[in-house]
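[1] Next input, structure requested:
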Amino acid sequence: LNNAVKHFQLVLEQCPVGHPDRAAALTNLAWANFAWARLNGYIPGDFQDVDSTSIHLRRVVLELYPPGNEHRPEELGLLTNALRSRFEQRGSIDDLDECIQRDREAVSLCSEGHSERETYLNYLALSLKFRFDHQGNSRDLDEAISLHDEVLRSCPVGHKIRYSCLNNLGIALCHRFYQRGDVSDVTKAISLQREALMLRPPGNPCRDFILNSLALALQARCNKMDTSEDLDEAINLYRDSLQLQQHGHPNRPRALYNLSCALCSRFTQTQKNENIEEAIRLCQESLEALPSLHPDRYFSYTVLKKAYLSRYRVQHNLADLSLAVENFRLASRHPTQGFPCRIKTAQQWVTTAEQHNHASTLEAYNTCFDLLDGHLATRSSTISRREAAVAFSSVRSLPVDAASCAIRHGDLRHTVELVDQGRGQQWSLASRLRSSTEDLEFTNPNLAHKFLELSKRLSDAQGSTVDTDRAAAERAETQYRRLREQWEAVVAEIRNIQCFSRFLLPPSYENLQAAARHGPVIILVASQYSCSAIIVPTSGEPHHVSFPCTTLTHLEKLKNDFVREIRIASFMCPEETRKELQVLLQTVWDDIMLPIVIVLQCDLRVKNGSRIWLCPTATFISIPLHAAHPFRTKADGRQELCLEDIYICSYTPTLSALIRSRQMMKSRVPPSFAAIGQSEPGAGQGKALVTIDSELELVRKLVPATANCATISSDAATRAGALQALQENTWVHFACHGKQGRERPYDSHFAMRDGPLTLLDIMYEDIPHAEFAFLSACHTAVGDEKTPDEVIHLAAGLQFSGFKSVIGTLWVVDDAVAKHVVEAFYEKMFKDGVMDCTKAAWALNRATNGVRTKVPLEQRIVFIHIGV
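    Next up, the predicted model:
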């Protein structure tokens with residue numbers, strides 16, 4: 001082969017540019033280089049240059065066959081084969097993206113009936129399956145399965161590549177089974193691969209690969225259904241495959257760690273030591289055969305950690321647990337493997353470390369956060385980032401479980417840091433593109449300008465990706481990723497400047513404590529491991545408040561009880577006492593808020609009438625903490641004070657969000673006010689609201705004349721009209737239908753005349769001069785069930801877009817009685833004629849207290865204040 005490469009090089013030298021045989025000479029040299037790379041692919045340091053040379057030659061050849069040339073599809077296929085090969089060796093997503101782009105072009109050049117169309121469809125399906133493995137986008141896997149199915153239908157019994165079509169579809173179905181757990185997928189995969197194996201009898205050079213694929217499918221079914229006969233057959237097939245892949249075979253490392261994994265499962269069943277010893281030996285052999293940055297080393301690490309963990313659970317040797325943790329660490333940090341696989345491994349590390357109370361638990365949580373942050377940052381749209389997050393089942397509880405772990409370790413400062421880092425990641429990622437560069441501009445104005453320019457381009461690209469044209473969407477995603485890489489390079493450059501080493505990194509406790517400058521922030525942690533609170537004071541160390549009688553199960557029941565009683569109360573007469581609701585609020589007081597108040601008063605000396613900020617997590621988010629009330633009478637006949645009699649309560653999604661809002665208060669403009677209302681929304685958005693116009697008129701009369709209050713209603717209250725009002729005014733009041741998208745939270749919206757004004761519409765606005773928003777609409781401060789700690793709702797969206805102070809609602813608002821709260825609020829807010837958004841929490845506190853005789857309990861406590 002070395003001689004062939006030399007002679008092909010000599011031939012090429014005899015064929016200068018323009019020679020009729022130059023394309024053939026280049027093709028032959030590329031083939032020889034590609035074969036050399038495949039043969040020597042596992043020799044460290046050799047394959048990379050040869051692989052790159054082969055790809056370079058393929059590109060040169062492709063230029064000799066422009067669009068319209070009959071040979072172009074063939075050359076595209078040869079280039080994509082080389083790119084796929086290099087991706088398997090290096091794990092570079094750039095290779096795979098180009099591969100898919102070229103594969104799509106090749107398919108488009110081969111219409112129905114073309115003799116090679118199935119080949120190029122197969123190439124595209126393989127590339128999409130690889131990208132699914134690397135990036136976790138289920139649309140890639142679904143398209144790959146559809147394409148493989150189409151190819152198989154075009155290759156009837158007797159077709160020369162039917163065996164490959166059967167095997168490829170089986171592999172893709174097996175991957176979907178791993179993702180979704182539908183047994184019919186793996187059952188069909190096994191059937192397809194058995195047929196493929198029959199078409200490649202002993203002695204056929206492709207038999208080893210199909211043996212391995214069938215064994216994987218059988219092992220997958222065994223893991224789901226615990227069928228020992230599947231496991232026994234899988235082990236035998238792996239051994240047969242390994243026999244055909246001697247030392248130096250490029251697929252041997254994969255066969256080694258697959259057999260090792262199956263032997264681990266057998267050891268769990270039989271506890272025979274020879275099984276686990278062989279598993280460890282085989283896995284170590286696979287690692288010795290792979291270069292240090294080969295993507296497949298990840299799988300060797302994961303199987304090795306499984307082996308050590310299996311042996312530890314039987315033999316209880318702490319050295320095995322340490323070795324398992326080390327392989328968790330190596331696998332989750334292996335740079336050439338995709339984020340989804342590494343995130344799942346880090347999650348397993350967390351679970352294992354928690355189960356065994358291992359010292360690496362906090363490290364495992366931090367690794368999860370870093371990987372998840374990196375994964376979400378690669379997604380080019382807000383919606384795709386959420387889709388990526390909810391794909392990992394345990395992500396929902398990760399922030400609170402990490403906080404609980406830090407509390408148990410006695411590290412309260414780190415607890416505060418973890419809660420802020422783990423919650424609201426969607427907002428955090430988006431806010432980085434709006435970060436202030438005021439200090440940087442003094443130090444390095446050119447770099448500050450470069451950062452701002454790239455941030456704007458990235459922000460604009462987020463809203464431009466569409467799903468209608470798959471190829472166009474892929475090009476947009478590739479462009480976004482390359483922009484992101486440039487942006488990250490600039491951020492790294494900024495961090496090299498003195499005093500900027502933590503630029504855009506998760507803030508430290510010292511930085512986060514700035515959120516408590518005007519009053520303590522209480523973080524309420526609801527974890528499966530413990531439920532408690534951390535109080536961040538204005539200065540000094542955080543304080544821990546335990547809730548010994550409260551578990552996550554208790555909180556879930558309390559949340560559901562509130563939902564039931566709020567619904568029942570909506571059918572009651574206004575003057576009826578809400579006894580059951582009072583009992584629930586009493587529980588919130590006794591079990592949750594009273595212990596916090598005791599610490600605030602006795603330890604921190606926080607005076608009555610002071611402001612406090614509540615930062616609830618997980619299940620706490622769905623409980624009206626601000627309304628905690630003892631509903632008891634003292635011996636002297638006076639009522640015991642409730643929480644809002646003692647303190648002025650506000651909420652904040654995260655400490656960072658509160659800090660950002662305060663920083664934006666530095667620059668203020670003369671106030672202007674817009675009252676936006678829609679009593680007759682467009683079709684399908686809800687019934688007519690008869691009191692809206694009177695509410696808008698009431699607000700207009702109460703707003704100081706200096707604010708030039710504008711009213712946008714009726715036909716003017718459209719989506720575009722409302723957005724314009726948001727952009728042009730510092731204060732806004734919404735009175736309309738509000739809807740929270742429980743399943744798709746970014747679809748949450750205000751109902752306007754021509755259609756919904758969505759949360760995404762609001763998020764894309766950057767309104768730094770905005771100050772205050774009152775949302776007199778239903779469900780404007782309620783997150784979704786799947787990712788409650790992301791705090792994705794309309795009120796949070798307005799805060800992100802620039803509004804520093806927002807009043808939102810936790811459930812349905814009765815517009816007939818809400819106007820009493822609205823009237824009382826603005827009377828208090830503008831009592832002295834000054835428009836100061838920092839007074840909103842106080843004004844809401846006084847308003848709800850003042851309308852107790854007019855407004856039923858559930859409609860008084862529905863309103864909450866968020867922000868400064």
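
[2] the bottom helix or strand of this structure by mean pLDDT?
    Lowest on mean pLDDT, DSSP states H and E among the helices and strands of the chain sits helix 22-39, with a mean of 62.

[3] Tell me the helix or strand right after that one.
    helix 47-63 (DSSP states H and E).

[4] Could the C-alpha coordinates of that next one be exported in CSV?
    Once side chains and other backbone atoms are set aside, the C-alpha atoms of helix 47-63 remain, and they are given as CSV (Å, rounded to 0.1, in the frame of the first residue of the first chain):
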residue,chain,number,x,y,z
PHE,A,47,-3.9,8.7,10.6
GLN,A,48,-4.7,12.3,11.1
ASP,A,49,-2.4,13.7,8.4
VAL,A,50,-3.2,11.0,5.9
ASP,A,51,-7.0,11.4,6.5
SER,A,52,-6.7,15.1,6.0
THR,A,53,-4.7,14.6,2.8
SER,A,54,-7.3,12.2,1.5
ILE,A,55,-10.1,14.8,2.2
HIS,A,56,-8.1,17.6,0.6
LEU,A,57,-7.6,15.5,-2.6
ARG,A,58,-11.3,14.7,-2.6
ARG,A,59,-12.1,18.4,-2.5
VAL,A,60,-9.8,19.1,-5.4
VAL,A,61,-11.3,16.3,-7.4
LEU,A,62,-14.8,17.6,-6.7
GLU,A,63,-13.9,21.0,-8.1
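
[5] I'd like to know which elements that helix is packed against.
    Contacting helix 47-63 under the criterion 3 or more Cβ pairs under 8 Å, 6 or more residues apart in numbering; DSSP states H and E are the following elements: helix 22-39, helix 72-90. Heads up, the C-betas are built off the backbone N, CA and C, glycines and all.

[6] got a list of contacts for the next helix or strand after the last one?
    Just to be clear, that refers to helix 72-90. The helix or strand immediately downstream of helix 72-90 is helix 93-108, counting by DSSP H and E. Helix 93-108 is touched from outside by 72-73, 76-77, 79-80, 83-84, 86-87, 117, 120-121, 123-124, 127-128, 130-131, 134-135, 338, 471, 474-475, 478, 481, with contacts defined as Cβ atoms under 8 Å, 6 or more residues apart in numbering.

[7] And the buried ones among those, selectable in PyMOL?
    Burial among the contacts of helix 93-108 is assessed by 16 or more other Cβ atoms under 10 Å; the matching PyMOL selection reads:
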select buried, resi 72+73+76+77+79+80+83+84+86+87+117+120+121+123+124+127+128+130+131+134+135+338+474+478+481
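
[8] and the nearest residue to Ala125 once chain neighbours are set aside, what does it touch?
    Excluding its sequence neighbours, the residue lying closest to Ala125 (Cβ to Cβ, 6 or more residues apart in numbering) is Leu147, at 3.8 Å. Listed by Cβ under 8 Å, 6+ apart, the contact set of Leu147 reads 121-122, 124-125, 128.

[9] isn't Pro399 right next to Asp789, touching?
    Yes: the pair Pro399 and Asp789 qualifies as a contact (Cβ atoms under 8 Å) at a distance of 5.1 Å.

[10] got any residues that touch both of these two?
    Both Pro399 and Asp789 are in contact with 422-423, 617-618, where contact means Cβ under 8 Å, 6+ apart.

[11] export the contacts of Leu147 to a markdown table and tack on secondary structure and pLDDT?
    As requested, the contacts of Leu147 are exported to a markdown table (DSSP: H, G, I helix; E, B strand; the rest coil; pLDDT from 0 to 100):
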| residue | secondary structure | pLDDT |
| --- | --- | --- |
| Leu121 | helix | 95 |
| Asn122 | helix | 94 |
| Leu124 | helix | 96 |
| Ala125 | helix | 96 |
| Leu128 | helix | 96 |
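
[12] Tell me the one of those nearest Ala824?
    Among those, Leu128 lies closest to Ala824 (Cβ to Cβ), at 58.9 Å.

[13] Relative to Ser431, how far out is the closest one?
    Using Cβ to Cβ, to the nearest Å, Leu128 is found at 33 Å from Ser431.

[14] What is the burial count for Leu594?
    For Leu594, the count of nearby residues is 13 (other Cβ atoms under 10 Å).

[15] Please identify which helix or strand holds it.
    Taking DSSP H and E as the criterion, the element that holds Leu594 is helix 594-598.

[16] Go through that helix and flag the buried ones.
    595-597.

[17] Going along the chain from it, find the next helix or strand for me.
    Taking DSSP H and E as the definition, the helix or strand that follows helix 594-598 towards the C-terminus is strand 611-616.

[18] Just checking: what are the partner strands of that following strand?
    strand 521-526 (parallel), strand 648-651 (parallel) (DSSP bridges).

[19] if you average pLDDT over the last one, what comes out?
    This points to strand 648-651. Strand 648-651 shows an average pLDDT of 98 in the prediction.

[20] what about that strand, distance to the chain center?
    29 Å (Cα atoms, centre = their mean, to the nearest Å).

[21] Now that strand: buried residues?
    648-651.

[22] Helix or strand: which one has Ala674?
    Following DSSP H and E, one finds Ala674 within strand 673-677.

[23] OK, contacts around Lys6?
    Shown in contact with Lys6 (Cβ under 8 Å, 6+ apart): no residues.

[24] Three-state assignment for it, please.
    Secondary structure, DSSP: H, G, I helix; E, B strand; the rest coil: Lys6 is helix.

[25] quick one: it from Leu12, how far?
    Plainly put, Lys6 is 11 Å away from Leu12 if you go by Cβ to Cβ.

[26] and what of Lys739?
    Applying Cβ to Cβ, the value for Lys739 to Leu12 is 66 Å.

[27] and if you look at Lys579?
    91 Å.

[28] quick one: which of these two has more around it?
    Leu12 (19 against 9).

[29] Surely the more buried one touches Leu29?
    Yes: under the contact definition of Cβ under 8 Å, Leu12 touches Leu29, with a separation of 5.5 Å.

[30] The stretch 751-868 of the chain: strands as residue ranges?
    Secondary structure of the stretch 751-868 of the chain (DSSP state E, counting those that start in this stretch): strands located at 756-758, 772-776, 805-809, 863-867.

[31] nearest to Leu371, of the buried residues of helix 594-598?
    Taking the buried residues of helix 594-598 together and measuring to Leu371 by Cβ to Cβ, the closest member is Ile596, at 33.7 Å.
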